[in-house]
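> Next come a sequence and a model predicted from it.
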Amino acid sequence: GTVARHKGLDADGLTEAQSVKALIAQLCEAFYHREWATGTGGGISIRTPSNRVFVAPSGLMKENMTSEDMFELDMAGRVVQRPVTPSLRLSACTPLWYVVYGARPSAAAVIHTHSINAVMATMLDKTESAPCL
């Protein structure tokens, strides 16, 4: 416990990066199973106290993500560590997350969701002009 935290590890012996990447993968899976996000829709980023931003990749099914699929960025938006799979792409939402982090210095996470209910509500709005069917 105390020795692990003193060495920069959490209570489970994981580094901050490992712990946050695992959390994002768990959240993505949970959001998918709760129908808060569709398979590849939406995304999650988490900013840590050390000013690293961890981002779920684009185009990967939420329920299949692992900690090794996450990007690590600095506060300037530069990729510090890429996922293990080189073909994974950074989420198109990433610039928007940085706008939120800049406007809200206390924000520790940004979640972009495509829940079934939100999509259905948009489709029912007669003033919505975007083609969705």
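Yes, it's here.
> Where does the residue nearest the centre of the chain sit: helix, strand or coil?
Centre of the chain computed as the mean C-alpha position; nearest residue by CA atoms, centre = their mean is residue 44, 2.1 Å away. With DSSP: H, G, I helix; E, B strand; the rest coil as the basis, residue 44 sits in strand.
> what do you get for the one 10 residues further on?
Put simply, residue 54 is strand when judged by three-state DSSP.
> what about it, distance to residue 66?
Going from residue 54 to residue 66 by CB to CB, to the nearest Å gives 13 Å. Where you see a C-beta, it was placed from the backbone N, CA and C, and this is true even at glycine.
> Between the two, point out the one with more neighbours.
Between residue 54 and residue 66, counted using other CB atoms under 10 Å, the more crowded position is residue 54 (24 against 17).
> quick one: the more buried one and residue 24 touch, right?
Yes - with contact defined as CB atoms under 8 Å, residue 54 counts as touching residue 24 (5.9 Å).
> so what sits against both of these two?
Taking CB atoms under 8 Å, 6 or more residues apart in numbering as the criterion, residue 54 and residue 24 both touch 46, 70.
> hey, where'd the strands end up in this structure?
43-47, 53-55, 57-58, 71-73, 79-81, 89-90, 109-112 (DSSP state E).
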